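Participant: Sharing a model that was predicted from the sequence below.
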Amino acid sequence: MCLAIPSKITEISNDIATIDVDGVTRTASLLLMADAEVGEYVIVHAGFAIQKIDEIAAKESLDLLKEAVRMAEEREAG
């Protein structure tokens, strides 16, 4: 299963963004998004930023993903 993860752009160099996902930094290609800017949230899939997303929607999505992980861990433990 693949997930598209909301991520905040913290730096851009050429067509590569440094992104922050809940405190974890990674890089993502911006080749599919010529207008992305530092401080914006994007959906990242398979290493590529594919769509902009507003901050509220990004945080809600991350909260849902955290809840899903918590529930899966509880299911495994119990």
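Facilitator: Sure thing, it's come through.
Participant: what's the burial count for Lys66?
Facilitator: If you count neighbours by other C-beta atoms under 10 Å, Lys66 ends up with 11. Where C-beta positions appear, they are placed from N, C-alpha and C, glycine not excepted.
Participant: what's the answer for Lys52, then?
Facilitator: Residues within reach of Lys52, counting by other C-beta under 10 Å, total 15.
Participant: Look up which helix or strand the closest residue to Ser7 other than its chain neighbours falls in, please.
Facilitator: On the basis of C-beta to C-beta, 6 or more residues apart in numbering, the spatially nearest residue to Ser7 that is not a chain neighbour turns out to be Ile19, at 3.8 Å. Ile19 belongs to strand 16-21 when assigned by DSSP states H and E.
Participant: got a list of what the closest residue to Val21 other than its chain neighbours touches?
Facilitator: Excluding the flanking residues, the one nearest Val21 by C-beta to C-beta, 6+ apart is Ser7, at 4.9 Å. Applying C-beta atoms under 8 Å, 6 or more residues apart in numbering, we find Ser7 in contact with Ile19, Asp20, Val21, Arg26, Ala28, Tyr41, Val42, Ile43, Val44, Ala49, Ala58.
Participant: any idea which of those is closest to Met71?
Facilitator: The shortest distance between Met71 and any of those, using C-beta to C-beta, involves Val21 and amounts to 19.6 Å.
Participant: Contacts made by the one helix or strand in the chain whose mean pLDDT sits lowest with the rest, please.
Facilitator: Using mean pLDDT, DSSP states H and E, the weakest-scoring helix or strand in the chain turns out to be helix 55-77, at a mean of 93. With contact meaning C-beta under 8 Å, 6+ apart, helix 55-77 is reached by Leu3, Ile5, Pro6, Ser7, Lys8, Val21, Asp22, Tyr41, Ile53.
Participant: Greatest separation within those: which pair is it?
Facilitator: Comparing all pairs in these by C-beta to C-beta, the longest separation belongs to Leu3 and Lys8, at 16.5 Å.
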